[in-house]
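*Asks:* How does the following fold in three dimensions:
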Amino acid sequence: MTEITPGELVDGGQSATPVVPWNELPEKVQQRWHFQVTKIALPPLVSDAQAVFEDADEFDPRQLASYVSRDPLLGGKLLAVANSAAMGLTNPVTTFERAIVTLGYSVVQSIIVAYYLEATLKLWPAFPRAHFNYVRRTSAASAVLASAIATGARLRSVKLLGTAALLARLGSLVLGLARPWPDHSYRQVPNEVLRVKYEMEKWGISTPVLSGQLLLHWGIPQPLPQLLERHLEPLFLELESGPEQHSLLVLCAATAIGTYFVHTSQFEPFTLFDRYAYDQLKHNLKQHRLWDAVVDLAGDKRLKRELAVVTE
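*Replies:* Next comes the predicted model:
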């Protein structure tokens, strides 16, 4: 993999974005990856209960518990996580509804989506297990962080942004359906700037674009598919003002920090953003008054506990 050096950056720190939109990709590339995208079905509980993607701000633990109870394995997983050492509870959790309330929306959502995606991917026994676990962990960490950043910035649709962050890395699962498979070197890419470049060089497409296409295949309405395809723009471009830019910044920061946490078990933004690859993101966060909400994550013990739970 070719490293990006500071000398490659132009216009005061910007670089041309390597994220090529779907409609600008060669037709052969579109055909190849459309075939792969359509292999992954919408997780059944999401389709049935509509509890994860629709009207997330009206999340109802009792209703979701009734759906979870239909699948004893999923219910057992929720209870096991709620009673894990990482949660630090003194009294055991014995009901699905209590487990859902204890874990919170972002954690429960991550567990449900990962559970059903794993069941879907079992249709392909050769699918690289290590790659699935990597995507599961980075996606879950990003979802928890996006909710925390959006809450700290007092943005609307906190749960919507958490959902978007959870799904932003799912395009990477599609990469695992085609040869060459993402290997150890892919999982060791240190930041999202290099990851996009690596993906384009190796597969001719990037994870944000595949994630957007996966949501369109699932029939998920806008703005989620578009947000996912564009969520790394703050790494490369100067953003204009507007609520959509706030959403992009939350998703981009959460993805970057989530990946960093999976690699290091740390999420101190100052350490991460001092790297040159994130200079443009840092600038955009400051310009849009979201920097404080990001740096305030440091030292949040509850957040670190949630990150530990979802990335186990």
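
*Asks:* Which residue, other than its chain neighbours, is closest to His231?
*Replies:* Leu251 (4.0 Å; Cβ to Cβ, 6 or more residues apart in numbering). Every residue, glycine included, has its C-beta placed from N, CA and C.

*Asks:* residues contacting that neighbour?
*Replies:* If a contact means Cβ atoms under 8 Å, 6 or more residues apart in numbering, then Leu251 has Ser142, Ala146, Leu161, Ala164, Ala165, Ala168, Leu227, Leu228, His231 as its contacts.

*Asks:* at 7 Å what do you get?
*Replies:* By Cβ atoms under 7 Å, 6 or more residues apart in numbering, Leu251 lies in contact with Ala146, Leu161, Ala164, Ala165, Ala168, Leu227, His231.

*Asks:* what's the answer for Ile111, then?
*Replies:* Lys77, Leu78, Val81.

*Asks:* my read: the last one touches Leu103, true?
*Replies:* It refers to Val81. Yes: between Val81 and Leu103 there is a contact under Cβ atoms under 7 Å: 6.4 Å.

*Asks:* the more surrounded of these two?
*Replies:* A side-by-side neighbour count of Val81 and Leu103, using other Cβ atoms under 10 Å, places Leu103 first with 24 against 21.

*Asks:* Does the residue in the chain sticking out farthest from the centre belong to a helix, a strand or coil?
*Replies:* Distance from the centre of the chain peaks at Asn91, with 31.4 Å (Cα atoms, centre = their mean). Assigned state for Asn91: coil (three-state reduction, DSSP: H, G, I helix; E, B strand; the rest coil).

*Asks:* same thing with Ala126?
*Replies:* coil.

*Asks:* Can you tell me the number of residues neighbouring it?
*Replies:* For Ala126, the count of nearby residues is 8 (other Cβ under 10 Å).

*Asks:* quick one: it and Phe35, what's the gap?
*Replies:* Using Cβ to Cβ, to the nearest Å, Ala126 is found at 17 Å from Phe35.

*Asks:* okay, the residue found closest to Leu170 once you drop the neighbours it is linked to in the chain: pLDDT?
*Replies:* The spatially closest residue to Leu170, leaving aside those adjacent along the chain, is Ser211, at 5.2 Å (Cβ to Cβ, 6+ apart). Here the pLDDT value assigned to Ser211 is 96.

*Asks:* got a list of what Ser211 touches?
*Replies:* Shown in contact with Ser211 (Cβ under 7 Å, 6+ apart): Leu167, Ala168, Arg169, Leu170, Gly171, Leu228.

*Asks:* Same check on Trp218?
*Replies:* Listed by Cβ under 7 Å, 6+ apart, the contact set of Trp218 reads Leu42.
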